[in-house]
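Chemist: Starting from these lines, generate the structure:
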Amino acid sequence: MDKYRAFQDLTYQYSVRKNRRAFDNLLKLLLCVLLFSFLAFPIIGATRSFAKVIWCNPANVGTADGNLKVSGYPTLHKALSVMSPGDEVIIANGDWRKTHGMFIDAKNKPPDGSPKKFSSVKAEKDWEVKLPYIHIETTKGHTQGFMEFRGIVFDNRYIGIGKNHICYHMHHTKFVHCGFLAHGLKGNSHTCGFGSADSSRSSNQFNLMEGCIAWGSGRYVFYCKHGKYNIFRRCVARRDRANATQIFNFRAYACDHTIYQNCISIDSDRQQNYKKPLNIESGGFWPGDMYGSTGNIVDGCISIRDIEIAYYIAGNEKKPGSAVVRNSIALDMAYKRPKLTTLCAFVVAQNANVVVSNLTGVGAKLDGYDGIYCKKKGKKQIENCIIAEVNDESIGVNPSSEAVVIRNVVSYNVGSDKHVKGYKNLNPFKNGLRYPVRIEPGSKLATMGHNGAACGATILKKIGVSGTLYGEQGWNEITDENLWPFPNEKKIRELMRETVDGVGGIYGFCEEGQTLSNYIWGYFGNTVPPFNVQAAFGDGTVSLSWDTPADVAIGTITGFNVYKLTGQTWKLVKGRVSGNTNCLKTISGLRNGSTYEFAVTAIDKEKGESGLSYKVRATPKKIFKMPDRKGAPVEENMEKKSAEPPKFAAKKEFINKLGMIFLPIPPGSFERGIVSDNEDAVSNAMLQKVTLTKGFYMQTMEVRDVNEIRPTYSPELK
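Modeler: Residues are numbered from 1 along each chain as shown. Reported below is the predicted structural model:
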């Protein structure tokens with residue numbers, strides 16, 4: 001205290017000699033120093049509040065501290081052992097299936113995270129890391145959660161053969177862009193998913209599988225047991241080998257509120273690879289069973305070349321639950337159990353209250369096959385469906401079934417429609433069903449449903465905002481994002497071409513020259529429209545670009561047409577685009593400030609013209625001219641430019657010594673201005689064109705709070 005008073009006297013004398021302002025500034029400085037001392041010292045030694053990035057790099061043979069890629073820990077087990085809750089482990093790209101210490105199990109796993117900071121294990125780049133397996137098996141009552149696994153392909157070919165990729169008693173756990181290939185599974189062993197021994201369904205909740213693929217062996221491919229509020233979103237399943245008498249690709253065993261969004265069960269019809277004869281119901285999706293399941297939903301899903309049943313909805317006879325199959329597709333059921341005369345259909349519903357709406361079911365020609373089969377307890381409502389090419393009944397109703405409401409069902413080439421009152425006998429392939437995933441606008445099918453709705457499925461947009469768990473904002477909404485081309489389809493095809501020994505992976509959508517999107521869209525034999533149409537505006541112009549056709553189709557494509565759309569009216573833009581690789585067109589003579597819609601078609605010399613692509617919108621704008629220093633406008637260089645993006649010699653990305661990932665920002669032009677939905681915001685702010693004459697790199701980061709964004713820039717591109 002004496003020292004403080006002496007200091008006050010000194011500062012007072014100083015202020016008298018100089019001025020009052022100097023004294024105030026010095027006092028403020030003193031207060032800041034004292035405040036920093038009180039705030040800083042308690043932080044030292046306290047638990048850190050930020051997540052740490054830990055590198056795993058099995059190629060590292062030198063010093064290992066995990067701080068950088070070059071000094072990453074040589075085993076995943078070591079990296080996991082130093083994790084704290086909320087930390088992130090990044091695994092260097094590579095095939096580590098033969099490397100010991102690289103699997104994940106109950107002893108070697110991430111610590112639990114928190115709702116704001118998930119503990120995560122990620123590939124350096126999605127799909128570029130292969131590990132032996134993940135199998136986290138814990139005892140009943142020991143739950144774990146708030147984890148994320150991203151971009152990793154688990155394949156037990158070399159280490160852990162016969163071990164499945166199942167995590168038990170998990171909650172709030174995400175698998176994003178992961179692959180699961182299982183070798184040597186027998187009997188009641190499943191490829192991947194979430195398991196639990198807790199029949200109360202409280203130990204397996206709020207988990208997510210998104211953009212994942214699973215194939216190879218196993219009784220059930222994507223599996224969930226005793227779960228609740230779990231989501232499987234945009235996942236692809238294929239069965240290549242089975243050693244069980246009952247198999248399904250998507251299975252919710254004794255689960256409530258299991259949600260399937262945009263999932264695909266595909267090419268699982270090679271029964272010659274099944275070691276045992278199937279003697280129980282089998283097929284694509286099986287949500288619900290005798291254990292009283294309820295609230296399960298199949299939304300915007302696809303079953304192609306499955307066996308016996310595309311969607312099997314069952315429940316408890318004493319207490320039927322509820323389930324929904326909506327806006328989904330079933331094509332070509334290709335297997336029927338010997339001597340079976342019933343229970344074969346696109347949809348089988350028994351002992352449950354089931355709503356089936358906007359189903360497109362085509363191709364069930366084996367003896368005894370129905371389109372939809374209703375049995376036993378529970379109310380059934382079937383509407384706005386298309387049932388075609390079926391051996392027996394369009395909709396079969398067992399005498400034991402309770403109330404069945406059927407309305408606005410289109411039937412074609414079926415054995416019988418005796419249970420469908422007021423059905424519409426119409427050839428769907430000539431009235432709007434050109435592609436499995438869409439009913440053509442303006443066609444008869446587009447308005448034949450209840451209250452003028454469409455009959456049949458339309459699966460064009462992604463369902464569920466990416467990354468959201470059940471109950472989070474946007475988890476079940478139909479987004480504005482196009483579903484096709486299917487996300488990561490090139491990598492999915494590349495990976496699934498390798499499978500279990502003795503079975504060929506080059507099959508169905510994995511055949512030479514094929515793509516998943518082209519395979520599904522072209523299933524009925526029609527010319528597939530172009531994908532990924534993009535629009536860029538100019539001064540009175542709009543430039544369009546699109547992807548080249550799949551290799552399997554490109555040989556007969558002769559050109560493309562561009563249409564300007566006004567409502568349901570198409571107007572052909574003059575000048576057909578010739579050739580099959582020239583996927584660019586600029587439309588000129590447009591009015592600035594007006595919004596235009598365009599779509600593109602492909603022309604096949606054998607199959608004819610395709611339907612329209614996705615629509616794109618663009619608004620031509622006059623390019624803003626920046627004034628020079630004297631205030632006079634400067635004419636911008638308006639020479640004709642190629643519609644192709646500027647080319648630059650740069651890596652796609654790079655990682656510096658600190659482990660920071662940078663992506664290239666190429667030279668080019670864009671508009672900046674004020675975009676706001678605030679009524680008080682400036683509404684007539686002029687957009688300005690910004691031109692980047694040189695490229696540069698910008699750091700990528702996971703954004704959890706927009707107020708924390710601090711982008712880092714690196715030197716310009718060379």
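Chemist: okay, now the domains of this structure?
Modeler: What automatic domain parsing lists as the domains of the chain is 2-43, 50-184, 654-716.
Chemist: Select from those the stretch with the lowest mean pLDDT.
Modeler: Note on the domains of the chain: domain 2-43 shows the lowest mean pLDDT, a mean of 47.
Chemist: give the contact list for Lys375.
Modeler: Residues in contact with Lys375 (CB atoms under 8 Å, 6 or more residues apart in numbering) are 343, 348-351, 398, 400-401. Bear in mind the C-beta positions are built from the backbone N, C-alpha and C, glycine included.
Chemist: try 10 Å this time
Modeler: Lys375 makes contacts with 314, 342-343, 348-352, 396-402, as judged by CB atoms under 10 Å, 6 or more residues apart in numbering.
Chemist: cool, and Leu76?
Modeler: Neighbouring residues of Leu76 by CB under 10 Å, 6+ apart: 56, 58, 89, 91, 96, 99, 101-104, 108, 121, 129, 131-132, 152.
Chemist: ditto for Ser114
Modeler: Ser114 makes contact with 85-86, 145-146, 172 under the criterion CB under 10 Å, 6+ apart.
Chemist: What of Lys318?
Modeler: Taking CB under 10 Å, 6+ apart as the test, what Lys318 contacts is 290, 292, 351, 377.
Chemist: Repeat the analysis, applying 6 Å as the threshold.
Modeler: Contacts for Lys318 were tallied using CB atoms under 6 Å, 6 or more residues apart in numbering; there are none.
Chemist: Phe206 too?
Modeler: 171-172, 229, 469-470.
Chemist: next one: Glu489
Modeler: When contacts are counted by CB under 6 Å, 6+ apart, Glu489 touches 515-517.
Chemist: Make JSON lines from the contacts of Ser114 and add secondary structure to it.
Modeler: Shown next, in JSON lines, are the contacts of Ser114 (DSSP: H, G, I helix; E, B strand; the rest coil):
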{"residue": "Pro85", "secondary structure": "coil"}
{"residue": "Gly86", "secondary structure": "coil"}
{"residue": "Gly145", "secondary structure": "strand"}
{"residue": "Phe146", "secondary structure": "strand"}
{"residue": "His172", "secondary structure": "strand"}
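Chemist: just to revisit the earlier point, out of the contacts of Phe206, which end up buried?
Modeler: 171-172, 229, 469-470 (16 or more other CB atoms under 10 Å).
Chemist: ok, those vs Arg591, which is closest?
Modeler: Leu469 (45.7 Å; CB to CB).
Chemist: nearest residue to the closest one other than its sequence neighbours?
Modeler: Counting by CB to CB, 6 or more residues apart in numbering, Phe206 is the residue found nearest to Leu469 once chain neighbours are left out, at 5.1 Å.
Chemist: gap between that neighbour and Ala602?
Modeler: Phe206 is 43 Å from Ala602, where distance means CB to CB, to the nearest Å.
Chemist: Let me have the contacts of Phe206 in CSV, extended by secondary structure and distance to Lys116.
Modeler: Output for the contacts of Phe206, formatted as CSV (DSSP: H, G, I helix; E, B strand; the rest coil; distance: CB to CB, whole Å):
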residue, secondary structure, distance to Lys116
His171, strand, 15
His172, strand, 11
Tyr229, coil, 20
Leu469, coil, 14
Tyr470, coil, 18
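Chemist: Widest-spaced pair of these?
Modeler: His171 and Tyr470 (11.0 Å).
Chemist: that's a strand at Ser517, yeah?
Modeler: No: Ser517 is assigned helix when assessed by three-state DSSP, not a strand.
Chemist: which residues touch it?
Modeler: Ser517 neighbours (CB under 6 Å, 6+ apart): 484-486, 489.
Chemist: His257 too?
Modeler: Residues in contact with His257 (CB under 6 Å, 6+ apart) are 228-229, 295.
Chemist: try Ala182
Modeler: Ala182 sits next to 164, 191, 216-218 when contact means CB under 6 Å, 6+ apart.
Chemist: And the residues you listed, which two are furthest apart?
Modeler: Among these, the pair separated by the greatest distance (CB to CB) is Asn164 and Gly216, at 10.0 Å.
Chemist: from the contacts of Ser517, which single one is nearest Ile554?
Modeler: For these, the residue nearest Ile554 by CB to CB is Pro485; the value is 14.9 Å.
Chemist: okay, that closest one: pLDDT?
Modeler: In this model, Pro485 is scored at 98, pLDDT.
Chemist: ok, it to Val528 distance?
Modeler: Pro485 is 10 Å from Val528, by CB to CB.
Chemist: between those two, who's got more neighbours?
Modeler: More neighbours surround Val528 than the other of Pro485 and Val528, with 27 against 17 (other CB atoms under 10 Å).
Chemist: does that one really touch Asn518, like I thought?
Modeler: Yes: contact criterion CB atoms under 6 Å: Val528 and Asn518 qualify, at 5.4 Å.
Chemist: Now the contacts of Ala182 in JSON lines, please, with extra columns for secondary structure.
Modeler: Below are the contacts of Ala182 laid out as JSON lines (three-state DSSP):
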{"residue": "Asn164", "secondary structure": "coil"}
{"residue": "Thr191", "secondary structure": "coil"}
{"residue": "Gly216", "secondary structure": "strand"}
{"residue": "Ser217", "secondary structure": "coil"}
{"residue": "Gly218", "secondary structure": "coil"}
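Chemist: Now do the same contact list for Val324.
Modeler: Residues in contact with Val324 (CB under 6 Å, 6+ apart) are 297, 355.
Chemist: That one belongs to a strand?
Modeler: Yes: assessed by three-state DSSP, Val324 belongs to a strand.
Chemist: Just list whatever residues bridge to it.
Modeler: The partner list for Val324 in beta bridges (DSSP bridges) reads Ile297, Val355.
Chemist: do the same with Ala123
Modeler: For Ala123, the beta-bridge partners are Ile91 (DSSP bridges).
Chemist: just checking, it touches Ile152?
Modeler: Yes: if you go by CB under 6 Å, Ala123 and Ile152 touch, sitting 5.2 Å apart.
Chemist: Please identify every residue contacting each of the two.
Modeler: Common neighbours of Ala123 and Ile152 are listed as Val129 (criterion: CB under 6 Å, 6+ apart).
Chemist: more crowded one of those two?
Modeler: Ile152 (26 against 22).
Chemist: In contact with the more buried one: list those residues for me.
Modeler: 123, 129, 131, 178.
Chemist: Run through who's touching stretch 589-601.
Modeler: Outside stretch 589-601, the residues that touch it by CB under 6 Å, 6+ apart are 529-530, 533, 540, 546, 560-565, 609-610, 612-613, 615-622.
Chemist: Helix or strand: which one has Pro529?
Modeler: Pro529 belongs to no helix or strand when assigned by DSSP states H and E.
Chemist: what are the ranges of the helices in this protein?
Modeler: For the chain, the helices defined by DSSP state H cover 2-17, 20-43, 76-81, 489-496, 516-521, 551-554.
Chemist: Measure how buried His183 is and give me the count.
Modeler: For His183, the count of nearby residues is 20 (other CB under 10 Å).
Chemist: Show me what the residue lying closest to Phe662 once chain neighbours are set aside is bridged to.
Modeler: Residue nearest to Phe662 in three dimensions, not counting chain neighbours: Tyr697, with 3.9 Å by CB to CB, 6+ apart. Bridge pairing for Tyr697 (DSSP bridges) gives the partners Pro664, Ser714.
Chemist: before we move on, the earlier item: most neighbours of all the contacts of Ala182, which one?
Modeler: With neighbours defined as other CB under 10 Å, the most crowded of the contacts of Ala182 is Gly218; it has 34 neighbours.
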